[in-house]
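Participant: Whatever this is, show me its structure:
(2 chains)
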Number of protein chains: 2
Amino acid sequence: MSKIITISREFGSGGREIGKRLADELGFLYYDQEIIKEICKETGMHEGYVEGVAEKAISLISTQFGHTFYNQQQIDVLVSQQKIILDLAKRGDCVIVGHGCAEILADLEPFSIFVYASMEAKVARCRTKGPEEEKLTEKELIRKIKDVDKNRKKVHEMIAPTRWGEKENYDLCINTTHVKIKRIIPGVAMYANEYFENK
Amino acid sequence: MSKIITISREFGSGGREIGKRLADELGFLYYDQEIIKEICKETGMHEGYVEGVAEKAISLISTQFGHTFYNQQQIDVLVSQQKIILDLAKRGDCVIVGHGCAEILADLEPFSIFVYASMEAKVARCRTKGPEEEKLTEKELIRKIKDVDKNRKKVHEMIAPTRWGEKENYDLCINTTHVKIKRIIPGVAMYANEYFENK
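Facilitator: As a prediction, the model looks like this:
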C-alpha cells in the first residue's frame, strides 16, 4: 500500500511549502494543483470555477437563513475531486495538499498533518509569497484569510463528520509561526517515516 | 537564555515519556515530580495534597452552581508552583512536564508541545503503564482519564487566558495514537533544535 501524507492547512500558514519540501525530501509524488486539472478534465468545467468550488470558493457556496445551499455543478466538482484523490493515492507514495484529502483518504491511514500559524505570521507570509495579496490592505488581507478558511471548513463539513482543524483528526499539528519551514523538514520527514514503519 | 521545552498533555497519552526521552536525547535537565517536591519544601504541605492540587486534583477544587471555589491552601500551592517553575527554567536547558508550564513560561518563549491520543489508545497505555489503573474497570478508567484532564483544564484556566489543549497555544501537537514514542524522539528533537536555532 502507498505511503500517503496529507497536508491540511490554514491559508497563509505555509502548508503547501511543507508539502512540496516534504515530497522532495522523501522522494514522494506531490499533488495539489494537479487535482484541479484532473477535475477539469473529468467534468469539462473551467479551471477557475473548479478551483473556486474545491478550494477557494468564498461566494460560490451560498448561505441563506443559516442554511448552506450547493448547486449540482458544485456537487459534481466535489464528487469528482473525491474520485481523483483516491485514484492518485493508489499511484505510489505521495504527499497530497488540501482538497479534504485527510478525510477522503482516511481509510488508507495516511500520515495526516495540519499546518497553522498566528494571524500575524499568516499576513506576513501572504505579503511575501502571494502576488495577489500584495495589493490588499491589512484589513482586506485578514478578511481574505478568514474567508478562505471558513470555506475550507464548510467544504470539509460536506465530506466528513469531523471538524476541520481540530487536532484530534490529525497525527501531527505544526505551528509555523516561529520556525523556518525549510529547516523543520528533516525532523518532520523522520517523524513521518516512523509513522509508516509502525503501520 | 535557557532552551526550554514544555510538555502539556492529556492523561495517558505518553507526554511524560516524551518529556523524559526528549531530555535524554538533547542532554537537557528534566523536571516533573521535582516540582511537587520543591512545592512541599516551600509550603510545608504534604506531598499527596500538593500533587492533588497541582496535578491530579479531581475533588479538591469544588464546583457549586457552576462556580469553582479555591481555598487559600490551594492558591498557595499554585503560587508556589509558578515561582518554582520560573526558578527551575533559569538553571539551564530543560524539559518541563505539566503544571501549566507552557503558560507560566510563555514570556521565555519555550518550545511548547501538546501530546494527545485517542481515548482507546489512552486506555491501552494506562493499562500497561499505570499500576493504579490496573484495578479499574474500563468505564472507571475512562472516567478517571476525563476527570484528570478536566482538572488540568481548570488549573490551566486559573493561570492563563488561553484554552487548554487548543493547538494555537502550542508549537507542535503530537498525536501518539499510531506511533511508538521511543522512535519519534529523534524527529521531534531535530524539530526542537530548529526552533531554538531560529530564535
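
Participant: and chain A, which residues reach chain B?
Facilitator: Listed as neighbours of chain B in chain A under the rule C-beta under 8 Å from any C-beta of the partner chain: A:109, A:114, A:116, A:118, A:165, A:167-168, A:170-175, A:177-180, A:183-184, A:186-195, A:197-199. (C-beta placed from N, C-alpha, C; glycine too.)

Participant: which residues does the spatially most central residue of chain A contact?
Facilitator: In chain A, the residue lying closest to the centroid (C-alpha atoms, centre = their mean) is A:G98, at 1.7 Å. Counting by C-beta atoms under 8 Å, 6 or more residues apart in numbering or on different chains, A:G98 makes contact with A:7-9, A:15-16, A:32, A:35, A:55, A:152.

Participant: from what I can see A:E103 touches A:I159, true?
Facilitator: Yes: between A:E103 and A:I159 there is a contact at 5.5 Å, judged by C-beta atoms under 8 Å.

Participant: Which residue of those two possesses the greater neighbour count?
Facilitator: A:E103 (22 against 15; other C-beta atoms under 10 Å in any protein chain shown).

Participant: Point me to the helix or strand that includes the closest residue in space to A:Y31 that isn't next to it in sequence.
Facilitator: Taking C-beta to C-beta, 6 or more residues apart in numbering or on different chains as the measure, A:Y31 lies nearest to A:I96, with 4.8 Å between them; neighbours along the chain are not counted. Assessed by DSSP states H and E, A:I96 sits inside strand A:94-97.

Participant: What helices and strands are in contact with the longest helix anywhere in chain A?
Facilitator: Ranked by number of residues, the top helix in chain A under DSSP state H is helix A:138-159. Packing contacts for helix A:138-159, counted by 3 or more C-beta pairs under 8 Å, 6 or more residues apart in numbering or on different chains; DSSP states H and E, involve helix A:72-90, helix A:101-104, helix A:119-129.

Participant: Quick one, which of those helices gets closest to B:R127.
Facilitator: Closest to B:R127 of those is helix A:101-104 (C-beta to C-beta; 29.0 Å).

Participant: List the pairing partners of the next helix-or-strand element following the closest one within its sheet, with orientation.
Facilitator: Sequence-wise, the next helix or strand downstream of helix A:101-104 (DSSP H and E) is strand A:111-116. Sheet pairing here is set by DSSP bridges, and for strand A:111-116 it gives strand A:4-9 (parallel), strand A:172-175 (parallel).

Participant: tell me the most buried of those strands?
Facilitator: The highest average neighbour count among the strands paired with strand A:111-116, using mean count of other C-beta atoms under 10 Å in any protein chain shown, belongs to strand A:4-9 at a mean of 27.

Participant: The next helix or strand after that one packs against which elements?
Facilitator: Note on strand A:4-9: by DSSP H and E, the next helix or strand toward the C-terminus is helix A:15-26. Secondary-structure packing of helix A:15-26 (3+ C-beta pairs under 8 Å, 6+ apart): strand A:4-9, strand A:29-31, strand A:94-97, strand A:111-116, helix A:181-198.

Participant: got those as a markdown table, with mean pLDDT columns?
Facilitator: A markdown table is the format used below for these (pLDDT from 0 to 100):
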| stretch | mean pLDDT |
| --- | --- |
| strand A:4-9 | 96 |
| strand A:29-31 | 93 |
| strand A:94-97 | 94 |
| strand A:111-116 | 98 |
| helix A:181-198 | 96 |
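
Participant: Same list, the helices and strands packed on helix A:138-159, but as TSV with mean pLDDT please.
Facilitator: Converted to TSV, the helices and strands packed on helix A:138-159 look like this (pLDDT from 0 to 100):
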stretch	mean pLDDT
helix A:72-90	83
helix A:101-104	88
helix A:119-129	92
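
Participant: hey, which of those helices is tucked in deepest?
Facilitator: helix A:101-104 (a mean of 25).

Participant: which residues sit against it?
Facilitator: Taking C-beta under 8 Å, 6+ apart as the rule, helix A:101-104 contacts A:6-8, A:81-82, A:85-86, A:110, A:112, A:114, A:156, A:159-160, A:162, A:169-170.

Participant: Could you list the buried residues of the longest helix of chain A?
Facilitator: A:141-142, A:144-145, A:148-149, A:151-152, A:155-156 (16 or more other C-beta atoms under 10 Å in any protein chain shown).

Participant: Would you check those and say which has the weakest pLDDT?
Facilitator: Ranked by pLDDT, these bottom out at A:V155 (79).

Participant: what sits against A:K150?
Facilitator: Residues near A:K150 by C-beta under 8 Å, 6+ apart: none.

Participant: Against chain B, how distant is it?
Facilitator: Distance of A:K150 to chain B, given as C-beta to the nearest C-beta, to the nearest Å: 16 Å.

Participant: sorry, back to before: can I get the strands paired with strand A:111-116 in JSON lines with distance to A:Q74?
Facilitator: Listed next are these as JSON lines, based on distance: least, C-beta to C-beta, whole Å:
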{"stretch": "strand A:4-9", "distance to A:Q74": "20"}
{"stretch": "strand A:172-175", "distance to A:Q74": "29"}
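
Participant: pLDDT score for the closest residue to A:E109 other than its chain neighbours?
Facilitator: Leaving aside its sequence neighbours, A:E109 sits nearest to A:K199 (C-beta to C-beta, 6+ apart; 6.5 Å). Here the pLDDT value assigned to A:K199 is 79.
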